[in-house]
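# Return atomic coordinates for the entry below.
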Amino acid sequence: MKNKTCFVISPIGEKDSDIRKHADAFLKLLVEPGLAEFGFDIVRADQIASSSVITNDIVEYVQQSELCLVDLSFHNPNVFYECGRRHENGRPTIQLIKKGESLPFDVAGIRTIQYDLSDPWTTLESVNTIKEFIKQLEDSNSYGEKSSGVSLSTIAETLHRIEKKLSKNMQPIMTSTGGQIGKKELLTMHPVAAFHKCIEVGDIDSAKFVLSRLKMLPEKRLFVEALALLAGIGDSDAKSQLISFISNELSLENESDGRNAMHGLKEFYVNTNTEKAGLVELDDVFKKYFSIEGLPSKSLAFVYNIKQTLEYGAGLFEQALSDGLKAVELRPMDESYWYNVSLCYEKLERYDDAANAAANFVKYNEEPSPHHIEHVKEVFSLAGRESEVEELFNGTMLTNA
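Down below sits the predicted model:
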């Protein structure tokens, strides 16, 4: 019988680099012992392609493997991209992060194993946690099932949305096996198709080459979406262009372009772990948004949520809570805003308030994911209100925070 495949998504780095040494230790000390008894073939990206290029082979492993183990340490853009693509199909995923590192705001509610390879007992505990997770999968035979509500990392949201929109505007193209694409080839293609092809094979330099042609198209949104995508995977040039564009050229009242631009900027700061710098660099942009008279409540709440995300990532939990409450006041039926407020209350150890916000999240979310349910149960437990959880998920407890 064919073995199951576990694809390991982790920062890899160059040979003999500190990142590579860490990746090898992660593989040998955590992954291999955790999976040894379960009949997995273990694959890492450097075994099939250059770790600096996201190829079609890698995407296939990400999406088709029975299991993925993801190391979120060091906030590597490629790791976030691959993690997002994995969450698109909801198949089993185990997230891990080096002890002491912060989780991005949008995956803060997903259970993530903290590990410390310098401590043998903590390492052993992490190995056992991996084993327990896999035993549950084995018992329920869940490897091929699609989850009904696994949270997407926000990088996946961006990529999925942009890829769908770009696909509507291009003819089918041949898939590439990776590597750089010749500029002559790109110049003979429609710029939307050319940009999409570059992203498919991970050729970021060529994607940036195509940007000038995208900017000349009459549909401004295509250029904005391309910039947002590049910023989201950590390209600082795209980030700077987005800030300039949104400050000087873009009409912020434009629902689609404004949201896409702000989302791409938020993704850059979250995925590069530079939220504090983001708050400084976007200060004028936030002021510009908040000064617009008659801005739709949906857009205004969205901007407050962007600001809250950066504040949360920067450890400014009081400010994050303040902006989160403004978002829910504007859009009280948006369950994601209530969830984010609950996360802030939890950080501030205001557990009763966290539970009330979590209850509103459940109220407006018909199918909360297992990760969200785990957070709700946790804050109710911290608040000493475990007895209310069953009634809450039966749909009879609708608490207003």
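# Helices along the stretch 151-300 of the chain, start to end?
Here the stretch 151-300 of the chain has its helices, by DSSP state H, counting those that start in this stretch, at 154-167, 183-187, 191-201, 204-215, 220-232, 236-248, 255-271, 275-281, 283-290, 297-313.
# Let me have those in a markdown table, extended by distance to residue 379 and mean neighbour count.
Heads up, the C-betas are built off the backbone N, CA and C, glycines and all. A markdown table is the format used below for the helices of the stretch 151-300 of the chain (distance: least, CB to CB, whole Å; neighbours: other CB atoms under 10 Å):
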| stretch | distance to residue 379 | mean neighbour count |
| --- | --- | --- |
| helix 154-167 | 22 | 18 |
| helix 183-187 | 50 | 13 |
| helix 191-201 | 38 | 22 |
| helix 204-215 | 40 | 18 |
| helix 220-232 | 29 | 24 |
| helix 236-248 | 34 | 17 |
| helix 255-271 | 23 | 23 |
| helix 275-281 | 23 | 17 |
| helix 283-290 | 29 | 15 |
| helix 297-313 | 16 | 23 |
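# The ones you listed: which one's closest to residue 24?
helix 255-271 (23.8 Å; CB to CB).
# related to what we said a few turns ago, could you tell me the least trusted of the helices of the stretch 151-300 of the chain?
Lowest mean pLDDT within the helices of the stretch 151-300 of the chain: helix 154-167, a mean of 40.
# a helix runs through residue 8, doesn't it?
No: looking at residue 8 with DSSP: H, G, I helix; E, B strand; the rest coil, it is strand, so not inside a helix.
# Determine which of the helices of the stretch 151-300 of the chain approaches residue 85 most closely.
Using CB to CB, the nearest of the helices of the stretch 151-300 of the chain to residue 85 is helix 154-167, at 6.3 Å.
# Dump the C-alpha coordinates for stretch 115-124 into PDB.
Extracted in PDB, the C-alpha atoms of stretch 115-124 (Å, rounded to 0.1, in the frame of the first residue of the first chain):
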ATOM      1  CA  TYR A 115       8.600  24.300  20.400                       C
ATOM      2  CA  ASP A 116      12.100  24.900  21.800                       C
ATOM      3  CA  LEU A 117      14.800  22.700  20.200                       C
ATOM      4  CA  SER A 118      17.300  23.800  22.900                       C
ATOM      5  CA  ASP A 119      15.200  22.100  25.600                       C
ATOM      6  CA  PRO A 120      15.000  18.300  25.100                       C
ATOM      7  CA  TRP A 121      11.900  18.000  27.400                       C
ATOM      8  CA  THR A 122      10.000  20.600  25.500                       C
ATOM      9  CA  THR A 123      11.100  19.000  22.200                       C
ATOM     10  CA  LEU A 124       9.800  15.700  23.400                       C
END
